[in-house]
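*Asks:* got a structure for you, letters missing:
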């Protein structure tokens, strides 16, 4: 039995969860922005081509 | 080949460069984490702390990444205020939540390391308090971005606040030298050289590299998201001005009116 094993486990679990959460948030945000932008561009093309 | 810094300040060029870079960044981040985690559990236990020292491999790199993210934000704030760099606002906004998350990891893992070693989760000593202040500064800056609707006005306010808050970074770094703290003094970056043995140092350096690579990867992605968000906003404004009521509903009241 590792001494203070509970503290070590929780520290690694918290770190892993927060890092995974950061990755998930950025990826979900990308999907949302891409979908919104595509929908806008498909529905309303900008004649100046700037958007 | 002539390299132009200003060429990369163009959002379109940034998006093209990000698309090429991201697979390499993800690959190197995954490799660094795999190697770092192997080293974390292969390293010998500490003669005083035993296995508990393994928390160091997730705590210390998080602290370094938190300070790196803030320093990067301060440089971006200068770029925004002084040079009006087109991407500086976006890079600043994208770095804040990442920096806050690293600071959160640092605080929580530090507490979990402190309880078995010091007998307490928290003490109001200079290092712990200055890192908590850093976390609160991050939250304040994120809130400020949300409070001001106009992105350029928000960027100006946030830039000033970021530069004012930068005073906290040397306080975090040198707090263990300037004051008598329960937190141990620097043991890696110090004039006399590292106080950690090689077998424990290399996993720490690799984990620090992994955290840094993860920050860079997520930051490039978050800046890309921010550029897209601004394009969506600009397009919605253009279409609302052209009389598209559906677009006006997408915008906040003060912009749509």
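*Replies:* That came through fine. If you're wondering where the values come from, they're calculated on a predicted model, not measured in any experiment.

*Asks:* Helices of the chain, residue ranges please.
*Replies:* All of this is about chain A. Ranges of helices in chain A, per DSSP state H, are A:5-43.

*Asks:* actually chain B
*Replies:* Under the criterion DSSP H, chain B carries helices at the ranges B:11-42, B:56-81, B:88-118, B:126-147, B:151-165, B:168-178, B:198-241, B:245-250, B:253-256.

*Asks:* Please name every helix or strand in contact with the longest one.
*Replies:* Based on contacts counted as 3 or more CB pairs under 8 Å, 6 or more residues apart in numbering or on different chains; DSSP states H and E, the elements that helix B:198-241 packs against are helix A:5-43, helix B:11-42, helix B:56-81, helix B:88-118, helix B:245-250. Every residue, glycine included, has its C-beta placed from N, CA and C.

*Asks:* follow-up on the earlier one: can you redo the helices of chain B as a markdown table with distance to residue A:39 and mean pLDDT?
*Replies:* As requested, those are arranged in a markdown table below (distance: least, CB to CB, whole Å; pLDDT from 0 to 100):
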| stretch | distance to residue A:39 | mean pLDDT |
| --- | --- | --- |
| helix B:11-42 | 19 | 94 |
| helix B:56-81 | 30 | 95 |
| helix B:88-118 | 22 | 95 |
| helix B:126-147 | 24 | 96 |
| helix B:151-165 | 21 | 92 |
| helix B:168-178 | 42 | 93 |
| helix B:198-241 | 9 | 92 |
| helix B:245-250 | 11 | 58 |
| helix B:253-256 | 19 | 49 |
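
*Asks:* So for residue A:27, which of these sits nearest?
*Replies:* Each of these was scored for nearness to residue A:27 using CB to CB, and the closest is helix B:198-241 (7.6 Å).

*Asks:* quick check: angle from that closest one to helix B:151-165?
*Replies:* Orientation of helix B:198-241 against helix B:151-165 (axes from the mean of the first three to the mean of the last three CA atoms, to 10 degrees) gives an angle of 150 degrees.

*Asks:* and helix B:198-241 with helix B:11-42, angle?
*Replies:* Using the same axes, to 10 degrees, the direction of helix B:198-241 lies 150 degrees away from that of helix B:11-42.

*Asks:* for helix B:198-241, the distance to its chain's centre please.
*Replies:* What separates the centre of helix B:198-241 from the centre of its chain is 9 Å, taken as CA atoms, centre = their mean, to the nearest Å.

*Asks:* same deal with stretch B:122-134?
*Replies:* 18 Å.

*Asks:* tell me which residues of it are tucked away?
*Replies:* B:125, B:126, B:127, B:128, B:129, B:130, B:131, B:134 (16 or more other CB atoms under 10 Å in any protein chain shown).

*Asks:* Turn those into a markdown table, including distance to residue B:217.
*Replies:* What follows is these, written out as a markdown table (distance: CB to CB, whole Å):
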| residue | distance to residue B:217 |
| --- | --- |
| B:125 | 34 |
| B:126 | 33 |
| B:127 | 28 |
| B:128 | 29 |
| B:129 | 31 |
| B:130 | 28 |
| B:131 | 24 |
| B:134 | 22 |
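
*Asks:* between the helices and strands packed on helix B:198-241, which gets nearest to residue B:175?
*Replies:* Residue B:175 lies closest, by CB to CB, to one member of the helices and strands packed on helix B:198-241: helix B:56-81, at 11.7 Å.

*Asks:* same for the closest one, what does it pack against?
*Replies:* Using 3+ CB pairs under 8 Å, 6+ apart as the test, helix B:56-81 ends up in contact with helix A:5-43, helix B:11-42, helix B:88-118, helix B:126-147, helix B:151-165, helix B:168-178, helix B:198-241.

*Asks:* For residue B:93, the count of nearby residues, please.
*Replies:* Using other CB atoms under 10 Å in any protein chain shown, residue B:93 has 24 neighbouring residues.

*Asks:* In contact with it: list those residues for me.
*Replies:* Residue B:93 makes contact with B:145, B:155, B:158, B:226, according to CB atoms under 8 Å, 6 or more residues apart in numbering or on different chains.

*Asks:* redo that, cut-off 6 Å
*Replies:* B:145, B:226 (CB atoms under 6 Å, 6 or more residues apart in numbering or on different chains).

*Asks:* Good, we can wrap up now.
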